[in-house]
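In: Predicted model and sequence follow; I will ask about them next.
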Amino acid sequence: MKSLGSKADGLRLERMRASLQWGGSGFRNVTPILPGLRDPAAPFPSMIDFIRGGGRRAPESPLPTVDPRPVWAKPLARGLRVTWLGHSSVLLEIDGYRLLTDPVWGSRASPFSLVGPKRFQPPAVALADLPPLDGVVISHDHYDHLDYPTLRALAKTRVPFITSLGVGAHLEGWGVSSERITELDWWESCRVAGSELTVTAAPSQHFSGRGPRDHNATLWSSMVIATPNYQVFFSGDTGLTPDYERIAAHFGRFDLVMLEIGAFHPAWGDKHLGPENALKAWEMLGSGAFMPVHWGTFSLALHDWDQPVDVLLTQADADAHLLLPRLGQVVEPHRGRLATPWWHDLVG
């Protein structure tokens, strides 16, 4: 089945095996897990738990969306703008360049078209309505971050892809030519051709896989996106790790920090942040406006759909530079805090 992706071989596999993150049969988390992140008494949710649903796992009506196209029509020659498009898909405009993170326009976070977590929120804009892109950044190969129908559409363009080690095998299998793919190990950087824009893969604490036989066959990363004037951090998926302190020491000040807050559970505490640990990660990074991602699109855990952002807003210090935009709302991080709980106006 094409949507499962492809296995790495040849020179790609050799490079993967040379990584310090490779553990003999696949990639592994190399940093010791912080104590208390995972509740050993918490049972892992079963498939029945997910199928049964219940509670407020999704809103009763679509979330409000702003049309970003009138703003995008005026390119930003210098400066920083960000548009949350749903889940972890973000359009980043930085000094005249445009990057898209973890693009997911498909209807399900699943290898199947009729089974699996279905999005409760449509994309903020159609994929065809995106402005011209200078690059696509993909953190890892899970279905809610690496989406087969979206990648098949993007393969028909000329946009370059920057991703973690091994993920390029999936991209090539779906029609992206090898010269458009750059795969990074942690702490490796690449420069987008013809630009001053660099992308660096950094540590995260997670896992990978798209089927029963490819567990941890590709690497997972956070990503740092930078020009000489601005620097942005994108967490991908991760648990809380002391590597955030190393990242802060290595890169210095961030202008924008995008951290995952949704799809958390006590049994997964070492692999996903959730809102409380996202705040701790932001404090460890030490700077930057904080825009949460990985929420408001899919029901991938058992908590209420809006619990992550409600907890974040409640526990964040009043001085925290939160950015909580509506879907499709174009924001400039330097303009200050944006923390109005707009989702409270919804029913359900």
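Out: Thanks, I have it.
In: end-to-end on stretch 94-110?
Out: 32 Å (Cα to Cα, to the nearest Å).
In: repeat for stretch 161-181
Out: With Cα to Cα applied, stretch 161-181 spans 5 Å between its terminal residues.
In: Buried ones in that stretch, by neighbour count?
Out: For stretch 161-181, the neighbour count (16 or more other Cβ atoms under 10 Å) marks 161-174, 176, 180-181 as buried. All C-beta spots, glycine's among them, are computed from the backbone N, C-alpha and C.
In: Let me see the mean pLDDT of stretch 42-57.
Out: What stretch 42-57 shows for mean pLDDT is 76.
In: contacts for it?
Out: With contacts defined as Cβ atoms under 8 Å, 6 or more residues apart in numbering, stretch 42-57 is touched by 117, 265-267, 299, 301-306, 348.
In: ok, now with 10 Å
Out: 116-117, 120, 265-269, 298-307, 348 (Cβ atoms under 10 Å, 6 or more residues apart in numbering).
In: Dump it to CSV, keeping only the CA atoms.
Out: The C-alpha trace of stretch 42-57 is given here as CSV (Å, rounded to 0.1, in the frame of the first residue of the first chain):
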residue,chain,number,x,y,z
ALA,A,42,-1.5,4.7,33.6
PRO,A,43,-2.7,2.1,31.1
PHE,A,44,-2.2,2.7,27.4
PRO,A,45,-5.5,3.6,25.7
SER,A,46,-6.9,0.8,23.7
MET,A,47,-8.3,0.9,20.2
ILE,A,48,-11.8,0.5,21.7
ASP,A,49,-11.1,3.6,23.8
PHE,A,50,-10.5,5.6,20.6
ILE,A,51,-13.4,4.1,18.7
ARG,A,52,-15.8,4.6,21.5
GLY,A,53,-15.2,8.3,21.5
GLY,A,54,-17.4,10.2,24.0
GLY,A,55,-16.9,13.4,26.0
ARG,A,56,-15.9,16.4,24.0
ARG,A,57,-13.3,14.9,21.7
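In: From the buried residues of stretch 161-181, which land in strands?
Out: 161-164, 181 (DSSP state E).
In: which one is residue 157 nearest to, not counting chain neighbours?
Out: residue 133 (7.7 Å; Cβ to Cβ, 6 or more residues apart in numbering).
In: coming back round to it: closest to residue 202 among the ones in strands among the buried residues of stretch 161-181?
Out: Nearest to residue 202 out of those is residue 164 (Cβ to Cβ; 10.5 Å).
In: residues in contact with the closest one?
Out: Contact analysis of residue 164 by Cβ under 10 Å, 6+ apart lists 16, 19, 21, 27, 137-141, 183-186, 188, 201, 204, 208, 218-223, 236.
In: counting contacts, what elements does the longest helix seen in the chain pack onto?
Out: Ranked by number of residues, the top helix in the chain under DSSP state H is helix 274-285. On a contact count with 3 or more Cβ pairs under 10 Å, 6 or more residues apart in numbering; DSSP states H and E, helix 274-285 meets strand 231-234, helix 243-251, strand 256-260, strand 289-293, helix 307-315.
In: contacts for the last one?
Out: What that stands for is helix 307-315. Helix 307-315 has contacts (Cβ under 10 Å, 6+ apart) with 55-56, 259-264, 273-276, 278-279, 282, 290, 292, 294-296, 301, 303-304, 306, 320, 322, 324, 339-344.
In: What strands line up against the following helix or strand past it, and which way round?
Out: Under the assignment DSSP states H and E, the closest C-terminal helix or strand after helix 307-315 is strand 330-331. Partner strands and pairing direction for strand 330-331 (DSSP bridges) are strand 80-86 (antiparallel).
In: and the angle from the partner strand to strand 289-293?
Out: Strand 80-86 runs at 20 degrees relative to strand 289-293, counting by axes from the mean of the first three to the mean of the last three Cα atoms, to 10 degrees.
In: Surely residue 297 and residue 260 touch.
Out: No. Assessed by Cβ atoms under 10 Å, residue 297 is found out of contact with residue 260, at 11.9 Å.
In: Which residues are in contact with each of those two?
Out: Shared contacts of residue 297 and residue 260, defined by Cβ under 10 Å, 6+ apart, are found at 87-88.
In: still on that earlier bit, drop anything exposed from the contacts of helix 307-315.
Out: With burial judged by 16+ other Cβ under 10 Å, the buried subset of these is 259-264, 273-276, 278-279, 282, 290, 292, 294-296, 301, 303, 306, 320, 322, 324, 339, 342-343.
In: ok, then the element right after the lowest-mean-pLDDT helix or strand in the chain?
Out: Least confident helix or strand of the chain, by mean pLDDT, DSSP states H and E, is helix 47-52 with a mean of 73. Sequence order places helix 69-72 as the next helix or strand after helix 47-52, per DSSP H and E.
In: buried stuff in that next one?
Out: 71-72.
In: what about that helix, distance to the chain center?
Out: With Cα atoms, centre = their mean, to the nearest Å as the basis, helix 69-72 stands 23 Å off its chain's centre.
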